[in-house]
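Peer 1: missing the sequence, but the structure's below:
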């Protein structure tokens, strides 16, 4: 398998990994309330998320911006919780162009935060790669491909629920918002850092490496160290 294919696969598996479901929750609360008929709105929203997370993923990986990874790990579920709360407050409102513009702007801004979270994993896996352009490009394309898969599944499920099984739109959105909000609040609480001594911090292993990355992480860095 080529390096490009490996990094592409890593991107796909990262965003679709059930153990690290924060990005999937964000897609659920922002895209999962639509149906296939709303594909133009969905494509607009997903482009905002793509632009946002791509900007910070690239800038962070290239070391143009720096941030606290612990802070970002808390901010990511916070963006999900805020999106769920906004969904609860707009259950009975008819979508308008102004609302869609606001929603796009929020998704774009929140995408910037998610991109920094994505870069944390990528940087932890890069090791001593001489060139990071190819891994960065392949990883980001993998993220986009996985994102499209998730959104396609969500649109299919929501279309079935609303158009085939005739579940009320308000009830459907309420269930999704309540479900996502409860999980995001749980994630925020779990990610509040506990006090650690200096020796614990110095021995810290990169956090939140998904299970699919374990062998690939070792293989990539072994290759980098011996190249």
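Peer 2: Received the coordinates, thanks. In this text, all values refer to a predicted model and were calculated from it rather than measured experimentally.

Peer 1: ok now stretch 118-135, how far from the chain's centre?
Peer 2: 18 Å (CA atoms, centre = their mean, to the nearest Å).

Peer 1: Please apply the same query to stretch 154-170.
Peer 2: With CA atoms, centre = their mean as the basis, the mean position of stretch 154-170 lies at 24 Å from the chain mean.

Peer 1: Kindly report the same for stretch 132-152.
Peer 2: 11 Å.

Peer 1: So which residues of this structure form helices?
Peer 2: Applying DSSP state H to the chain gives helices spanning 3-15, 22-31, 39-61, 69-89, 97-126, 133-159, 169-191, 198-202, 213-226.

Peer 1: thought residue 162 was touching residue 173?
Peer 2: No: with the criterion set as CB atoms under 8 Å, residue 162 and residue 173 do not qualify as a contacting pair; they are 9.7 Å apart. Just so you know, the C-beta spots here come from the backbone N, C-alpha and C atoms, and that holds for glycine as well.

Peer 1: Pull up the per-residue confidence for the closest residue to residue 86 other than its chain neighbours.
Peer 2: Nearest in space to residue 86, with sequence neighbours left out and distances taken as CB to CB, 6 or more residues apart in numbering, is residue 106 at 7.4 Å. For residue 106, the pLDDT comes out at 95.

Peer 1: Cross-check the contact I'm expecting between residue 106 and residue 85.
Peer 2: No: counting by CB under 8 Å, residue 85 is not a contact partner of residue 106; they are 11.5 Å apart.
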